[in-house]
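Peer 1: Structure for the following, please:
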Amino acid sequence: MNISGGLFPWRVSGSLVGLMLAFALLVSAAGEAFAGNDWPKMASSADGTAISYETYGTGTPALVFVHGWSCDARYWRQQTAHFADRHRVVVLDLAGHGHSGSGRTRYTMASFGEDVRAVMDAEGIEDAILVGHSMGGSVIVEAARLLPKRVRGLIGVDTLENIEYPLTREAFYGMVAPLEQDFPAGAREFVAQMISPQTDPRLRDWILADMSAAPPAVALSALRETMQQYLTGEVAKIFEEVRLPVVTINADVWPINYEGNRRHMLSYEAIVIEGADHFLMMNRPGEFNAALKKAVGMLPGP
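Peer 2: Okay, the predicted model is just below:
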């Protein structure tokens, strides 16, 4: 077959034409599959920082996923398609993470909460459940404080298991010192303790490499700010303002202080996945997604 003229003055075999047609059909099918999803977008946080986010699917309540310390929206890749058939799913990169701006001098939980609000404002989301992993647990509480009538509940992922945790300054400094001395090495050691030996080695290596490559200034500031809330007791006090139900999905590694949490929260329940680790949404996605669906059902309707 001869394709002549202009840009394509070459002879193409029949078999190659078949491959080209098959590829075109594949691209067309992929385009249709993603037709309902937006390209990545940018929202402007309260201080002008650009916040990168993506949306998938439709349906209320919207599920807004907030990643943890030195992570980004990719850590939710096993959840986006799964929940987009029933919910509008939003994943974002907090400031200083992923593709978002990094011009702040302090990366506080309150400023991260503003990042979440900026995305919800940009998308006009009025009915949401906020899902936060690790440090993201503290972030979604701050976001809920800013959006009291637009959030119906909070779901923490291996976080908020004990908001009365008595963190000492000695323990805090012991945690931060290795990261200040050699961030890549210190971060690898810090994160490695959170990953189960049963985790796929490829996933383990990726998590360690990715998180240890985080910008040290951002990571250290965010870690100090989130730990400071436990030093001062602010984590518990904030729930005096945030009167929303909370459900957490936890690994069975750290004890859950049901009584302490319920002293401060409007209501608190936990779903525990046995044998899981800190990154349960990645290395136990089937069980985690089932638990998250259950957690969503445990929260009240509009």
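Peer 1: All the helices of the stretch 151-300 of the chain, in order from the start?
Peer 2: 169-181, 183-192, 201-212, 216-232, 234-237, 258-264, 280-283, 285-298 (DSSP state H, counting those that start in this stretch).
Peer 1: Surely residue 239 is in contact with residue 267?
Peer 2: No. Applying Cβ atoms under 8 Å as the test, residue 239 and residue 267 come out as separate, 10.7 Å apart. The way it works is simple: take the backbone N, C-alpha and C, and place the C-beta from them, glycine included.
Peer 1: Specify which residue of these two has the higher count of neighbours.
Peer 2: residue 239 (22 against 15; other Cβ atoms under 10 Å).
Peer 1: So the more buried one versus residue 132, what's the distance?
Peer 2: Residue 239 is 14 Å from residue 132, where distance means Cβ to Cβ, to the nearest Å.
Peer 1: Same question for residue 109.
Peer 2: Per Cβ to Cβ, residue 109 is found 10 Å from residue 132.
Peer 1: pLDDT value on the residue positioned nearest the centre of the chain, please?
Peer 2: Closest to where the C-alpha atoms of the chain average out (Cα atoms, centre = their mean) is residue 67, at 2.2 Å. We have a pLDDT of 98 for residue 67.
Peer 1: what sits in contact with each of residue 109 and residue 132?
Peer 2: 138, 139, 141 (Cβ atoms under 8 Å, 6 or more residues apart in numbering).
Peer 1: residue contacts, the first one?
Peer 2: Spelled out, that is residue 138. 109, 132, 159, 160, 226, 229, 235.
Peer 1: Compute the number of surrounding residues for the last one.
Peer 2: By other Cβ under 10 Å, 24 other residues sit near residue 235.
Peer 1: Surely it and residue 227 touch.
Peer 2: No. Counting by Cβ under 8 Å, residue 235 stays clear of residue 227, with 10.0 Å between them.
Peer 1: so what's the residue lying closest to residue 216 once chain neighbours are set aside up against?
Peer 2: Excluding the flanking residues, the one nearest residue 216 by Cβ to Cβ, 6 or more residues apart in numbering is residue 183, at 4.0 Å. Counting by Cβ under 8 Å, 6+ apart, residue 183 makes contact with 212, 214, 216, 219, 220.
Peer 1: Of the residues you listed, which is the most crowded?
Peer 2: Of the contacts of residue 183, with other Cβ under 10 Å as the count, residue 219 tops at 23 neighbours.
Peer 1: Hmm, that one is touching residue 179, no?
Peer 2: Yes. Using Cβ under 8 Å, residue 219 is in contact with residue 179, at 7.2 Å.
Peer 1: what sits in contact with each of the two?
Peer 2: Contacts common to residue 219 and residue 179, judged by Cβ under 8 Å, 6+ apart, are residue 187.
Peer 1: Return the residues in contact with residue 200.
Peer 2: Taking Cβ under 8 Å, 6+ apart as the test, what residue 200 contacts is residue 283.
Peer 1: Pull up the per-residue confidence for it.
Peer 2: Residue 200 is given a pLDDT of 95.
Peer 1: Over to the closest residue to residue 222 other than its chain neighbours. Which of the three states is it?
Peer 2: Leaving aside its sequence neighbours, residue 222 sits nearest to residue 107 (Cβ to Cβ, 6+ apart; 4.2 Å). On the three-state scheme (DSSP: H, G, I helix; E, B strand; the rest coil), residue 107 is labelled coil.
Peer 1: Residue 107 contacts residue 216, doesn't it?
Peer 2: No. Applying Cβ under 8 Å as the test, residue 107 and residue 216 come out as separate, 11.8 Å apart.
Peer 1: Next, show the common contact partners of those two.
Peer 2: Common contacts of residue 107 and residue 216 (Cβ under 8 Å, 6+ apart): none found.
Peer 1: so of the helices of the stretch 151-300 of the chain, which one's packed in deepest?
Peer 2: Ranked by mean neighbour count, these are led by helix 280-283 with a mean of 23 (mean count of other Cβ atoms under 10 Å).
Peer 1: what does it contact?
Peer 2: Contacts of helix 280-283 (Cβ under 8 Å, 6+ apart): 75-76, 78-79, 133, 157-158, 195-196, 199-200, 203, 207, 249, 251, 273, 276-277, 287-288, 292.
Peer 1: change it to 7 Å
Peer 2: When contacts are defined by Cβ atoms under 7 Å, 6 or more residues apart in numbering, helix 280-283 is touched by residues 75-76, 78-79, 133, 157-158, 199-200, 203, 251, 273, 277, 288.
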